[in-house]
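Structural data only, the sequence is not supplied:
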């Protein structure tokens with residue numbers, strides 16, 4: 001379920017059971033591996049690991065653990081050893097991303113408890129907005145960014161937008177809007193030409209397009225489209241592959 005990461009001649013993979021492995025991209029040689037069942041009795045959420053590792057400026061980042069406990073690891077990609085560990089939040093299925101917000105490069109992730117901004121050098125929490133995984137309502141989609149706003153969605157909890165900025169050096173998080181007209185379970189939304197495209201699990205699956213500034217849903221597709229869809233933005237179009245193997249080409253708000 002995880003997407004491998006590549007950097008500096010190395011490939012990093014995270015298995016469904018939480019095994020993180022470094023490989024040589026040239027010859028496939030195993031460089032190192034980490035079994036996260038050592039710090040955690042269970043090293044993955046209930047449905048297995050889906051979060052993807054990411055590399056930034058010579059550091060490898062991966063969030064591992066279960067829905068009860070977990071940690072964000074900053075790892076030396078050459079040796080597989082820890083640089084720092086932030087063990088404040090349990091795991092989920094969403095993937096981290098590296099963003100520059102108000103001039104500060106940081107890791108942004110949706111974990112078990114909410115959306116967080118993490119300092120890359122120290123693992124210190126910069127800001128947080130609560131959006132907790134409760135019961136079966138899991139956090140799976142990776143949030144999408146529009147300007148200084150992040151659009152966040154999760155199973156049965158609709159969609160929210162939070163704006164991140166600093167005032168007098170202090171981070172501020174403001175929720176701009178929220179609604180339950182659509183809600184994504186497994187599919188991560190994307191931004192295309194200033195609009196958010198996604199796949200709602202309501203009505204047994206339907207595509208949607210919304211305005212990230214207002215939250216207004218511009219259109220919704222036909223119901224009973226499927227259980228899951230993955231998106232790719234291309235100039236002028238959005239490609240969507242549903243779980244039945246059908247690739248659809250979506251056009252803009254028209």
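Yes, it's here. Just so it is clear, the structure is predicted and the values come from calculations on it, not from any experiment.

From the opening residue of stretch 75-93 to its closing one, how far?
Distance across stretch 75-93, first residue to last, is 20 Å (CA to CA, to the nearest Å).

Look up how far residue 76 lies from the residue of the chain positioned farthest from its centre.
Distance from the C-alpha centroid of the chain peaks at residue 27, with 30.1 Å (CA atoms, centre = their mean). For residue 27, the distance to residue 76 (CB to CB, to the nearest Å) stands at 21 Å. For the C-beta atoms, the positions are set from N, CA and C on the backbone; glycine is no exception.

circling back to that earlier point, pLDDT at the residue farthest from the centre of the chain, what is it?
Among the per-residue scores, residue 27 holds a pLDDT of 97.

Could you look up the SS state of it?
Classification of residue 27 using DSSP: H, G, I helix; E, B strand; the rest coil returns coil.

quick one: contacts for it?
Shown in contact with residue 27 (CB atoms under 8 Å, 6 or more residues apart in numbering): no residues.

do residue 34 as well
Neighbouring residues of residue 34 by CB under 8 Å, 6+ apart: 19-21, 75, 80.

Repeat that for residue 39.
Counting by CB under 8 Å, 6+ apart, residue 39 touches 65, 71.

before we move on, what SS does it have?
State at residue 39, reduced to three classes by three-state DSSP: coil.

Who is residue 108 paired with across the strands?
residue 97, residue 117 (DSSP bridges).

which ones are touching it?
Applying CB under 8 Å, 6+ apart, we find residue 108 in contact with 96-99, 101, 115-118, 143, 145, 150.

now for those, which pair is the farthest apart?
Using CB to CB, the two most remote members of the contacts of residue 108 are 118 and 145, lying 15.4 Å apart.

Tell me which of those two has more neighbours.
Each of residue 118 and residue 145 has its neighbours counted (other CB atoms under 10 Å); residue 118 has more, 26 against 15.

Tell me who's in contact with the closest residue in space to the more buried one that isn't next to it in sequence.
For residue 118, ignoring the flanking residues on the chain, the nearest one in space by CB to CB, 6 or more residues apart in numbering is residue 107 at 4.4 Å. Shown in contact with residue 107 (CB under 8 Å, 6+ apart): 54, 56, 61, 72, 96-99, 117-118, 120.

Buried only: go through those for me.
Buried members of these, scored by 16 or more other CB atoms under 10 Å, are 54, 56, 61, 72, 96-97, 99, 117-118, 120.

Among the residues you listed, which one sits closest to residue 250?
The nearest member of the buried ones among the contacts of residue 107 to residue 250, counting by CB to CB, is residue 97 at 22.8 Å.

check contacts around the closest one.
With CB under 8 Å, 6+ apart, residue 97 has these contacts: 54, 107-109, 142-143, 145.

who touches residue 154 in this structure?
Contacts of residue 154 (CB under 8 Å, 6+ apart): 110, 131, 133, 137-141, 183-184.

now it: how far from residue 20?
25 Å.

Show me where the stretch 151-254 of the chain has its strands.
Here the stretch 151-254 of the chain has its strands, by DSSP state E, counting those that start in this stretch, at 159-167, 170-179, 190-192, 195-200, 206-210, 217-220, 229-234, 237-242, 247-250.

what's the closest of those strands to residue 127?
With CB to CB as the criterion, residue 127 lies closest to strand 170-179 of those, at 3.9 Å.

okay if I get the contacts of residue 107 as JSON lines plus distance to residue 88 and pLDDT?
Listed next are the contacts of residue 107 as JSON lines, based on distance: CB to CB, whole Å; pLDDT from 0 to 100:
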{"residue": "54", "distance to residue 88": "19", "pLDDT": "98"}
{"residue": "56", "distance to residue 88": "20", "pLDDT": "96"}
{"residue": "61", "distance to residue 88": "15", "pLDDT": "98"}
{"residue": "72", "distance to residue 88": "8", "pLDDT": "98"}
{"residue": "96", "distance to residue 88": "14", "pLDDT": "97"}
{"residue": "97", "distance to residue 88": "19", "pLDDT": "97"}
{"residue": "98", "distance to residue 88": "19", "pLDDT": "98"}
{"residue": "99", "distance to residue 88": "19", "pLDDT": "97"}
{"residue": "117", "distance to residue 88": "13", "pLDDT": "98"}
{"residue": "118", "distance to residue 88": "10", "pLDDT": "98"}
{"residue": "120", "distance to residue 88": "16", "pLDDT": "97"}
